[in-house]
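>>> give me a 3D structure for the following:
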Amino acid sequence: MRRLILFIPLVVFMALGVLFYKGLQLDPSELESALLDKPFPAFSAPSLSDENQLVTEQDLKGKPALVNVWATWCPTCKQEHAQLNRIAREEGVIIYGINYKDDRSAAKEWLRRYSDPYVLNIFDADGALGVNLGVYGAPETYVIDANGVIRYKHVGAVDEKVWQTLKGVLAEVSL
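From the prediction side, this is the model:
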């Protein structure tokens, strides 16, 4: 009996090791969203450019689009920003921005300095919209269809490889 008790920590350690190893194999950019195939959450928030202009989920309807959660404090957001500008400029894709838990003046300056790929930018100062979307952190990018239904979620930077995936999803929801 005493020998059996000595093996319990070894068995527990091995089980934890297997779980950690399996966790390392997961891709954090492929986190499932509870909102997939559901309408974009209802919200009313000010525009980044004009605090008196309220934006709602209705403003995101009409055409398939990307919704990008970003912030000036996010180094990965700066990394992906040139790609978003290219997508908007060269591909003609509608991109809506959600400026997440940020400073309004810093965000406006950022867009002035690095160019603005967003058709519309929502100012989510307290992160309430982000909570309703299930945001893990910036950047995150969603594909929505013309009816405002979330069809895909990507966690992390949008680079050329990710863009090809997003482009495929946009093509599917455009049919």
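>>> ok, now how distant is the residue nearest in space to the middle of the chain from residue 66?
By Cα atoms, centre = their mean, the chain has its centre lying nearest to residue 140, at 1.6 Å. Counting by Cβ to Cβ, to the nearest Å, the separation of residue 140 from residue 66 is 11 Å. Every C-beta, even on glycine, is put in place using the N, C-alpha and C of the backbone.
>>> same thing with residue 142?
Residue 142 is 7 Å from residue 66, by Cβ to Cβ.
>>> residues contacting whichever strand or helix holds residue 86, please?
Element membership for residue 86 (DSSP states H and E) is helix 75-91. For helix 75-91, contacts defined as Cβ atoms under 8 Å, 6 or more residues apart in numbering pick out 66, 68, 70-71, 93-95, 114-115, 117-119, 138-139, 156-160, 163, 167.
>>> among the residues you listed, which lie within helices?
Among these, DSSP state H puts 114, 160, 163, 167 in helices.
>>> by neighbours, which of the residues you listed wins?
residue 163 (21 neighbours; other Cβ atoms under 10 Å).
>>> what about stretch 150-163, how long is it end to end?
17 Å (Cα to Cα, to the nearest Å).
>>> and that stretch, average pLDDT?
When pLDDT is averaged over stretch 150-163, the result is 97.
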